[in-house]
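In: One predicted model, sequence on top.
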Amino acid sequence: MTTDVHESPALAMIHTVPGIIPAFGELVGLHLPGWRPFNMLDESLLGNTIREGTLSRQTMRRLATHIWSAVDAGASAVLVTCSSLGPAVDAAIPLCPVPLFRIDDGMAIEAIQRGNRIGVLATLATTMIPTTHLIERHAHRMGRNVSVTSRLCEGAFDKLRSGDRAAHDAMIREGLASLVGSVDVVVLAQASMANALSEMKETSVPVLTSPELGVLHMSSALNARSRVLRRRSPGRG
């Protein structure tokens with residue numbers, strides 16, 4: 001059987017939490033219909049980061065190995081869905097031969113566009129600093145002055161890991177209630193937190209989550225790149 005030269009490009013998604021994989025499959029189908037997603041899961045990348053309390057050089061190297069493995073498997077783009085690994089993604093981007101994305105870029109940009117006082121809610125301390133730094137970096141690039149207020153939902157991720165999603169989601173909603181009165185917009189620092197909003201009534205400020213905004217940001221970047229490549233290759237269908 002011959003391979004169709006116009007076969008859809010492949011998108012590799014590298015995850016550290018298995019429960020979010022179906023939602024990302026749906027988002028890619030919705031916003032990147034011309035792409036074929038495949039998933040790579042390594043829970044130890046996040047597990048080791050939580051245990052060590054920081055993103056170690058060894059974990060950064062291991063993520064880079066996964067990224068290159070995805071490229072070797074045929075990926076035309078790679079998305080890392082774990083926000084705690086964001087700095088490792090940033091380090092790999094200049095060396096990666098295909099477009100490489102961290103999940104929280106789109107959310108950070110949207111938050112800055114929504115207001116100057118930004119609340120960051122996280123269930124892991126290891127995600128708080130990378131998310132805050134990402135927002136500040138985008139704000140500097142965009143010429144905006146922002147202030148970031150952080151809240152940690154201590155113990156919520158342990159509830160999720162033990163299978164008690166209801167308790168996890170309730171703790172996130174409590175954390176949100178403590179933030180909304182003092183900020184213009186709130187971001188949920190981890191993709192695994194997004195489900196907590198499904199049981200919530202409307203809040204007084206926007207609450208942003210990374211999965212859909214991240215996939216939309218990636219879709220926009222990949223479509224723009226495709227247009228540039230087509231302009232550089234006239235006459236190719």
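Out: Cool, the structure landed.
In: Give the burial count for residue 137, as a bare number.
Out: Counted with other Cβ atoms under 10 Å, the neighbours of residue 137 add up to 13. For the C-beta atoms, the positions are set from N, CA and C on the backbone; glycine is no exception.
In: Pull out the buried positions in the longest helix along the chain.
Out: Longest helix in the chain, counting residues (DSSP state H): helix 210-232. Of all the residues in helix 210-232, those buried under the rule 16 or more other Cβ atoms under 10 Å are 210-219, 222.
In: Put together a markdown table for these, with distance to residue 198 and pLDDT on each row.
Out: As requested, the buried residues of helix 210-232 are exported to a markdown table (distance: Cβ to Cβ, whole Å; pLDDT from 0 to 100):
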| residue | distance to residue 198 | pLDDT |
| --- | --- | --- |
| 210 | 15 | 91 |
| 211 | 13 | 93 |
| 212 | 13 | 94 |
| 213 | 16 | 95 |
| 214 | 18 | 95 |
| 215 | 18 | 96 |
| 216 | 19 | 96 |
| 217 | 22 | 96 |
| 218 | 23 | 96 |
| 219 | 23 | 95 |
| 222 | 28 | 94 |
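In: distance of the most centrally placed residue in the chain from residue 199?
Out: Nearest residue to the geometric centre of the chain (Cα atoms, centre = their mean): residue 103, 1.8 Å. As judged by Cβ to Cβ, to the nearest Å, residue 103 and residue 199 stand 23 Å apart.
In: Check residue 170 too.
Out: In terms of Cβ to Cβ, residue 170 sits 9 Å off from residue 199.
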